[in-house]
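K.L.:
Build me a structure from this.
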Amino acid sequence: MKRFLIPVLLLIVHPAFAHHPGERIDEVMTEQEPAFEVTDRPSTPELSLEEPGGNVLRLGDLHDQIVVLSFVPTDCGGPCVEQQAVLAGVQGQVNVSPMKEMVTFVTVHDADASIEAPWDAANWRLASPSNDETTAATADRFASLSGRGQELSMAHVIDRNGRHAGIFHGSDFSKTNLTLYINGLINNAHARKPPIEKTWWQRLTDWF
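P.N.:
All right, here's what the predicted structure looks like:
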C-alpha cells in the first residue's frame with residue numbers, strides 16, 4: 001500500500017498535476033518551479049563513464065529509464081553537497097513507488113570528491129569520466145545545454161528515449177516538483193521524440 005500512497009499524496013499537494021499534464025509537463029513545471037529549465041534536446045553530449053571496479057557505463061546502457069544526472073567536481077564543495085542531499089531525497093520519494101524500477105540516478109564525480117548523501121544503491125550509479133576529461137569539464141559540456149548562463153550545479157533529467165528533457169538548477173528546488181516531473185515523463189513515455197536532422201548518408205540510404 002505504501003508504494004502507491006506517496007504518489008497519491010504528491011498529487012493532492014500539487015493539484016496542477018492531478019490529471020497528468022502529458023505533453024504539457026514542461027509548461028506546467030515551468031510555471032510551478034523557478035529552478036526548472038526546459039531544454040527538450042533530442043540527445044545529450046557524449047558521455048562515457050567508469051564505475052568503481054572498472055565497469056564502463058554509458059547513458060545508452062540505461063535503456064528505457066528516466067535518468068537524473070548530476071556532477072560533483074573536486075572543487076564544487078557546499079553547492080554540490082547540498083544538491084546531492086536534495087537529489088537523494090527525491091530518490092527516497094521515487095523509491096517508495098513503482099517508479100523505482102523506471103528511474104536511475106547517476107552521480108559523476110572526481111575520485112577525490114566525497115559523496116555524503118544517503119543514496120540508495122538500488123538505482124543509483126556512481127561513476128567517473130573514463131577518459132582524460134575532468135568531471136568539471138564534463139559538467140561544462142552538459143551545462144552548455146542551458147540558456148540561463150548560471151553557475152549553479154545542475155541536475156539533468158533525461159527522458160527514457162534519450163531526450164534531454166530539462167534541468168533543475170541548484171538545490172533550492174522542491175523535491176516534490178522533481179518527483180512529479182519524473183512521474184510526468186513516465187506517464188508521457190510514448191511521446192514522440194523531437195525531429196532529428198538526417199545526415200547526407202541517411203538521406204542517401206533512404207532511397208534504398
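K.L.:
tell me the mean pLDDT over stretch 161-170?
P.N.:
The pLDDT scores in stretch 161-170 average 95.
K.L.:
first vs last residue of it, how far apart are they?
P.N.:
25 Å (CA to CA, to the nearest Å).
K.L.:
ok, then the element right after the helix or strand residue 81 falls within?
P.N.:
Per DSSP states H and E: residue 81 is located in helix 78-94. Sequence order places strand 103-109 as the next helix or strand after helix 78-94, per DSSP H and E.
K.L.:
What residues does the nearest residue to residue 131 once chain neighbours are set aside make contact with?
P.N.:
Closest residue in space to residue 131, ignoring its immediate chain neighbours: residue 48 at 6.3 Å, by CB to CB, 6 or more residues apart in numbering. Every C-beta, even on glycine, is put in place using the N, C-alpha and C of the backbone. Contacts of residue 48 were listed using CB atoms under 8 Å, 6 or more residues apart in numbering, and they are 56-58, 129-131.
K.L.:
JSON lines for the residues you listed, including pLDDT and neighbour count?
P.N.:
What follows is the contacts of residue 48, written out as JSON lines (pLDDT from 0 to 100; neighbours: other CB atoms under 10 Å):
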{"residue": "56", "pLDDT": "92", "neighbour count": "11"}
{"residue": "57", "pLDDT": "93", "neighbour count": "20"}
{"residue": "58", "pLDDT": "89", "neighbour count": "12"}
{"residue": "129", "pLDDT": "93", "neighbour count": "20"}
{"residue": "130", "pLDDT": "88", "neighbour count": "16"}
{"residue": "131", "pLDDT": "82", "neighbour count": "12"}
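K.L.:
which regions of this structure lie under the pLDDT threshold?
P.N.:
1-22, 189-208 (pLDDT under 70).
K.L.:
Show me the strands in it, by range?
P.N.:
Remark: strands assigned in the chain by DSSP state E are 36-41, 48-50, 56-58, 66-72, 103-109, 124-129, 154-158, 164-169.
K.L.:
Just name whatever secondary elements the first one is in contact with.
P.N.:
In this case it means strand 36-41. Packing partners of strand 36-41 (3 or more CB pairs under 8 Å, 6 or more residues apart in numbering; DSSP states H and E): helix 25-32, strand 164-169.
K.L.:
For stretch 111-123, what is the distance to the chain centroid?
P.N.:
Computed by CA atoms, centre = their mean, to the nearest Å, the separation of stretch 111-123 from the middle of its chain amounts to 16 Å.
K.L.:
Flag every buried residue along that stretch.
P.N.:
For stretch 111-123, a neighbour-count test (16 or more other CB atoms under 10 Å) marks 113, 117, 119, 123 as buried.
K.L.:
who wins for proximity to residue 186 among the strands of the chain?
P.N.:
Shortest distance between residue 186 and the strands of the chain, using CB to CB, is found for strand 66-72: 6.3 Å.
K.L.:
Tell me the spacing between residue 168 and residue 50.
P.N.:
If you measure residue 168 against residue 50 using CB to CB, to the nearest Å, the figure is 25 Å.
K.L.:
Those two: which is more packed in?
P.N.:
Between residue 168 and residue 50, counted using other CB atoms under 10 Å, the more crowded position is residue 168 (29 against 14).
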